[in-house]
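[1] generate a structure from the sequence data that follows.
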Amino acid sequence: PERCIVHADRAYDTNRVRDLIESQGAVPNIPPKRTRVWKSCLSKTLYKGRNAIERIFCRLKDCRRLATRYDRNATNFLGAIHLAAAIMWWL
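    The predicted structure follows:
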């Protein structure tokens, strides 16, 4: 949607990716590579949200069933994700 912020890590800091994000009406929040001459602005407060999402995916991949994608049906796979997330929240 328009006026949203796209969070990505440093590997996606290319002019082509930035132009694609901006052409769709979004704002990129990508930390610049160390070798980049022109450094764009970065909101570190918003970037912390991306890190939290990455940590959640890493914890979900600890479940063998989710990492190897045993479920063929998308509904069953989503149910397994919900179950794993509920157990992680509970513990």
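[2] quick check: domain ranges of the chain?
    Following the TED database, the chain resolves into domains at 1-42, 50-90.
[3] now the longest one: average pLDDT?
    Confidence for domain 1-42, expressed as mean pLDDT, is 83.
[4] rewinding a little: can you list the domains of the chain in a markdown table and add mean neighbour count?
    Every residue, glycine included, has its C-beta placed from N, CA and C. Formatted as a markdown table, the domains of the chain follow (neighbours: other CB atoms under 10 Å):
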| stretch | mean neighbour count |
| --- | --- |
| domain 1-42 | 12 |
| domain 50-90 | 11 |
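[5] quick one: the strands in this protein?
    With strands called from DSSP state E, the chain shows them at 5-7, 27-29.
[6] in a markdown table, list those along with distance to residue 81.
    Shown next, in a markdown table, are these (distance: least, CB to CB, whole Å):
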| stretch | distance to residue 81 |
| --- | --- |
| strand 5-7 | 21 |
| strand 27-29 | 26 |
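[7] and residue 52, which of those is closest to it?
    Residue 52 lies closest to strand 5-7 among these, at 10.4 Å (CB to CB).
[8] which neighbours does the closest one have in its sheet, and in what orientation?
    strand 27-29 (parallel) (DSSP bridges).
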